[in-house]
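Engineer: Fold the following.
(4 chains)
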Protein chains: 2
Amino acid sequence: MGPGLDDRATQVLRYIVEDYIATAEPVGSRTISKMMGQALSPATIRNIMADLEEMGYLAQPHTSAGRVPTGAGFRYYIDYLLARRTLARGDVDQLNRAAEEGNAPADELVRQVSRLLANLSRQTSVVIVSRPDHQVLRSVNLMRAAVDKILLVAVMQGGWVQHRLIEEEPGLTGDDLEKINAYLNELAGGLTLPQLRVRILTELRQEKAQYDAVMRRALTVGARALEDTASGEVFVEGRANILDQPEFAEDVHRLKRILRAFEEKSVIFRLLDRAMDSKAIQVSIGPENPVEDLGDISVVASGYRQGESAVGSIGLIGPVRMDYSRVIPLVEYTASLLTTMFGQR
Amino acid sequence: MGPGLDDRATQVLRYIVEDYIATAEPVGSRTISKMMGQALSPATIRNIMADLEEMGYLAQPHTSAGRVPTGAGFRYYIDYLLARRTLARGDVDQLNRAAEEGNAPADELVRQVSRLLANLSRQTSVVIVSRPDHQVLRSVNLMRAAVDKILLVAVMQGGWVQHRLIEEEPGLTGDDLEKINAYLNELAGGLTLPQLRVRILTELRQEKAQYDAVMRRALTVGARALEDTASGEVFVEGRANILDQPEFAEDVHRLKRILRAFEEKSVIFRLLDRAMDSKAIQVSIGPENPVEDLGDISVVASGYRQGESAVGSIGLIGPVRMDYSRVIPLVEYTASLLTTMFGQR
DNA sequence: TTTAGCACTCCTGTAACGAGAGTGCTAACC
DNA sequence: GGTTAGCACTCTCGTTACAGGAGTGCTAAA
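Structural biologist: Prediction:
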C-alpha cells in the first residue's frame, strides 16, 4: 500500500504492529503465518521480516526473540496502513452527554470531557488552554477583593473565566468601580485582552481622557490589570492509567520520569503545543515528541478552536504502543466537541 | 516515658521506629545495641523486643528477620515519644515567600504553597477547600456569559473566587444587570452564600419588593443562582513523590490503588475531612484513616480557618513509615500559614 | 538480670540447567 | 526463482540447588 514496500511486506508489517499493540510482546514468524491463514509459511515470513528489519521498520530485542516495530515502523503504519476505525456509537453518546452538562462552568466541563476521554482510551488525557490571550472577551468586571486589592474578572466568549489581582489605585469607592466597569465594558466588546489593553492605551492619549477623571482612572486601572499576560491552564486526567501499560508498570524509573512530567505545566505545554496550530491531528511517536527526556511516550493530540483562532489542544499521552486506530478518532472527535462547545456558548 | 513501658523498652521502641523510618528495612537487635552505644547486648535487646512484640508494638515479617513497628507501635511513638523537631529556618522562609507572592489569585497561591510543602516533605501534598459555603462574601457580581447564560462571580473575604452559571431570566439588559449587582452587593456584605440566599428570600416577601420590578428581578435571579451549593475543591501536588518510597515503588498494584485514589475528589475529601474541625493536627496511621481501601497509607493533616470558621484542610499523604517528627511541624506551620493568608486578604 | 554461645530459620543472590520460543541458513521442492 | 522444510543455534525464563548472611530463640553460665 504505502511506498517502498510490496503488498506482502506491507501486510506483514501491519500484522506485526497490530499484534504488538495488542500484546506488548515481540511477535514471531509463526504467529504472523497463522494470522494470515497459513498463506505463507513461517520461513517465508522470516525472510520478509529480515527485509523489514533491514529497512528500519522492525527491531529485535535480542537474537532469538520475535520482532518489535521501531518508531519508523509505527510511523509507516500510521501514515499508510492505519484502518481508521469509526467511533463506537456508545462512546460518542457518552462524550456528547459529558459536554452537555448544563450549568457547569467551562473549566469544569473541560475537565469532565477530558476525564471521560481518559477512561474511554485507557490512557492519560491532557488538555491545555493555552492562549487565553487569543480568546475574545464577552465582558469584564472589577470587583473589590481585599482592602487594597481589586480583582479583574474577564468572561470570554467561550464561557471561560479569568481572574487577575491588582493593587488598588487608592481610594476607589464602590460607585467608582461601577462606573469604571461600565466604561470598560463599552470598550471591551469583541476584543481579546491584549487588544483591549492597546485600545485603552490609545484611549488614554485621547484628549477627552485628560478632562474626565473617572475615565482616566478607569483606563489606568484597566491598563494595569492587563500588564501581564495569563499563562494558560493544564488539566491532566487518568494518570493512573499508565500503570495499566506493562512497559511502564515494570520500570519504576520510567514511571517516575513520566509522573514528574505530568506535574510540570511547561512540559505538558511543550508536548501539546505543536498540535494547536495545525488543523489535522498530530501524532508524535516516541522520540518525535518535543521533550527529549520523554522519548519513550507517544502523544496523540489535536487543537481546538474558538471561532477561528486556536486556543488550546487536547490529547492523550501513552506508550508508543498505543491503539492508534481507536485513539485517533477519539481524540479527533473530542477536539471537535470542544470546538463546538466553545463556539456555542 | 509513655504508659505501660519501662524506660528501656521505650527507648528500644523509639530507636526501632526511627531506624525503620530512615531505612524502610526491618531492624535487628545488633543495630539497636550499637545505636545505644553498646549499653546493652544484642541478646538483651532481643528479650525486650520479644516483649514489645507480645504487646503488639512490633512485628516480624518472618522468623529470622528484624522487627518492624506495627500500627500500634507508630501510634505509641507519635503519642508519647515523638521529639518534635522545630522547623528549619530555611523551610519557614521558603513557605513564607511562597505565601507572599503578590498578585496571584487565592487558588494559585494555595497551589504554590501546597507544592512547596510536597517538595519539602518529599510526600504528596493535598489541600481541600471544603466549605465554600462557610466563607464570608466580600462582593458578588452577575456577568453575561453567553446569550442565554449569566455568570455569578462571588469573591470571598479570603480572596477566594467562585463562579456559577445560571440560565438567564430572559431579556436582561446590561443596565439591568448593573442595577441588580448594586442591589445584591448591598445585601451581601458579611454574609455567606447560603445566608445571602435566605436574606434574599425574606426580602422577596417584603412589601416593597412587590412594587419595584428591578428589585424583584434582582432577587429572583440571585435566589436562583444560589440554589445549589458549591462542592469544594481539591489540589494534589507531588504525586510522583510516592515513587520515592520503596514500599510503594515495588508494588504496582498498591501504586495503582493510591494513584486512583488521588483522582477521586470524594476519596481525598474523606481522608482530610476529619482534620478540618479539630483544632489540633490529625495523624491517621494506616488503617486508622477513614478509607478502608487505603489501609497502607498515613495521613497527616490539619484544618485551616478563615476567621473563626473552618473552611478546609491541608495535609500530606504517604507511607505509614513517614518521618513524623519532621512532617508534623511542617503541616502545622503550613496550615497556620493558610489561616493567616485567608485572614489578611 | 545480663549475656555469650549456638542451633535454627529464612531470605537473597548465584550458578546450573532444561524447556521453549524464535531465528538464520541451507538445501530441497515446485 | 520464489517457497519451504529441516536443523543448528541463541537467548530468555523459570526451576532447582546451594552457600552466605542476617537475625532469632533458647540455654546455660556469669
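
Engineer: what kind of secondary structure is residue A:164 in?
Structural biologist: Assigned by DSSP: H, G, I helix; E, B strand; the rest coil, the conformation of residue A:164 is strand.

Engineer: Residue A:152 too?
Structural biologist: Quick answer, by three-state DSSP: residue A:152 is strand.

Engineer: How many residues are close by it?
Structural biologist: Using other CB atoms under 10 Å in any protein chain shown, residue A:152 has 21 neighbouring residues. C-beta here means a position set from N, CA and C on the backbone, and glycine is covered the same way.

Engineer: roughly how far apart are residue A:89 and residue A:329?
Structural biologist: Residue A:89 sits 13 Å away from residue A:329, going by CB to CB, to the nearest Å.

Engineer: nope, residue A:307 is what I was after
Structural biologist: The gap separating residue A:307 from residue A:329 is 24 Å, by CB to CB.

Engineer: For these two, work out which one has more neighbours and name it.
Structural biologist: Higher neighbour count among residue A:307 and residue A:329: residue A:329, with 18 against 13, using other CB under 10 Å.

Engineer: In a helix, the more buried one, correct?
Structural biologist: Yes. Assessed with three-state DSSP, residue A:329 lies in a helix.

Engineer: hang on, isn't it packed against residue A:86?
Structural biologist: Yes. Using CB atoms under 8 Å, residue A:329 makes contact with residue A:86 at a distance of 6.7 Å.

Engineer: Now do the helices in chain A.
Structural biologist: For chain A, the helices defined by DSSP state H cover A:7-23, A:29-35, A:42-54, A:71-76, A:89-100, A:106-121, A:174-188, A:193-205, A:207-211, A:213-225, A:246-249, A:252-263, A:265-277, A:324-344.

Engineer: For the fourth one, name the packing helices and strands.
Structural biologist: This points to helix A:71-76. helix A:7-23 (3 or more CB pairs under 8 Å, 6 or more residues apart in numbering or on different chains; DSSP states H and E).

Engineer: And for the helix it packs on, what's in contact with it?
Structural biologist: By CB atoms under 8 Å, 6 or more residues apart in numbering or on different chains, the surrounding residues in contact with helix A:7-23 are A:1-2, A:5, A:26-27, A:31-32, A:35-36, A:40, A:45, A:48-49, A:51-52, A:57-58, A:67-69, A:73-74, A:76-77, A:80-81, A:321-324.

Engineer: Pull out whichever of the residues you listed are also neighbours of DNA strand C.
Structural biologist: Contacts with DNA strand C within the contacts of helix A:7-23, counted by CB under 7 Å from any atom of the strand: A:26-27, A:31, A:49, A:67.

Engineer: Select from those the one having the most neighbours.
Structural biologist: That'd be residue A:67 among those, by other CB under 10 Å, with 27 neighbours.

Engineer: What distance do you get for that one to chain B?
Structural biologist: Residue A:67 is 27 Å from chain B, where distance means CB to the nearest CB, to the nearest Å.

Engineer: Can you get me a residue count around the closest residue to that residue other than its chain neighbours?
Structural biologist: Excluding the flanking residues, the one nearest residue A:67 by CB to CB, 6 or more residues apart in numbering or on different chains is residue A:58, at 4.2 Å. Residues lying near residue A:58 (other CB under 10 Å) number 26.

Engineer: now residue A:15
Structural biologist: 18.

Engineer: and it, how far is that from DNA strand D?
Structural biologist: Separation of residue A:15 from DNA strand D (CB to the nearest atom of the strand, to the nearest Å): 15 Å.

Engineer: Quick check, pLDDT for that residue.
Structural biologist: We have a pLDDT of 97 for residue A:15.

Engineer: quick revisit: filter the contacts of helix A:7-23 to the buried ones?
Structural biologist: A:5, A:26-27, A:31-32, A:35, A:40, A:45, A:48-49, A:51-52, A:57-58, A:67-69, A:73-74, A:76-77, A:81, A:321-324 (16 or more other CB atoms under 10 Å in any protein chain shown).

Engineer: and the residue in chain A that DNA strand D sits nearest to, how many residues sit next to it?
Structural biologist: Across chain A, no residue is closer to DNA strand D than residue A:64, which sits at 2.7 Å (CB to the nearest atom of the strand). By other CB under 10 Å, the residues close to residue A:64 number 7.

Engineer: my guess is residue A:310 meets residue A:128, correct?
Structural biologist: No. With contacts counted by CB under 8 Å, residue A:310 stays clear of residue A:128, the gap being 11.0 Å.
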